[in-house]
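Participant: dropping the sequence and predicted coords here.
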Amino acid sequence: MLKCEICGRQADKHHIVYRSQGGIDFPLNFKYLCHEHHRGKEGPHKNRKLDLQYKLELQKRLEMLLRKDFYILDELVDLLNINKGMLKRIFKEYKLYKEGYKKSDIIYRLMGKKVYTQYMLDEYCDFIANF
Ligand SMILES: [Zn+2]
Ligand SMILES: [Zn+2]
C-alpha cells in the first residue's frame, strides 16, 4: 500500500507537474498523498501556494540532480528513470547540441515549459495577505 507522505494514510499518486500542464511520468514528479492531502482543502489541487511549493521543490531537485550543462537521452533515462521513447518525443522540439540537450531546456520541459521562482511563491503570499 502506498502511504501519504504527510500523514501515512493510504495514498494516491499525484503528479507535481500535472499531466494537463505537460507533466510526465517519472518518479520525481510523483508525490504520494491521501485523499485529503491530495484533493482536500490542504492539498495541491485546492491550495495554490502548496502547489507552487511542490513545483519549486521539484525544480530544485532537478537542478541539483543535473550537475552538467548537457545531457544525452541515455543519461536522462538513468538519472531520472524516464521512459526513453517518452523523452525522445518531448525533446524533439529542442535543439540537440553535440554534447546533448541543454540542462536548462531539460528542466524547463520537465516543469511543463515553465520556470518557477521563489518570487512567485512570495508574491502569491503577499497577494493573499493583502486580499
Ligand atoms: Zn495525508
Ligand atoms: Zn494530483
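Facilitator: Structure received. Ligands and ions are numbered 1, 2, ... in the order given.

Participant: stretch 49-66 close to ligand 1?
Facilitator: No. Stretch 49-66 does not reach ligand 1 (Cβ under 5 Å from the ion); its nearest approach is 12.3 Å. In this view, the C-beta of every residue, glycine as well, is placed from N, C-alpha and C.

Participant: what parts of this structure come near ligand 1?
Facilitator: So far as Cβ under 5 Å from the ion goes, the chain lies against ligand 1 at 4, 6-7, 34, 37.

Participant: all the helices of the protein, residue numbers only.
Facilitator: 35-39, 48-65, 73-80, 84-91, 103-110, 118-129 (DSSP state H).

Participant: buried residues, the longest one. List them.
Facilitator: Residues of helix 48-65 classed as buried under the neighbour-count rule (16 or more other Cβ atoms under 10 Å) are 51-56, 58-59, 62.

Participant: now the shortest one
Facilitator: Within helix 35-39, the residues that qualify as buried are 37-38, counting by 16+ other Cβ under 10 Å.

Participant: cheers, nothing more for now.
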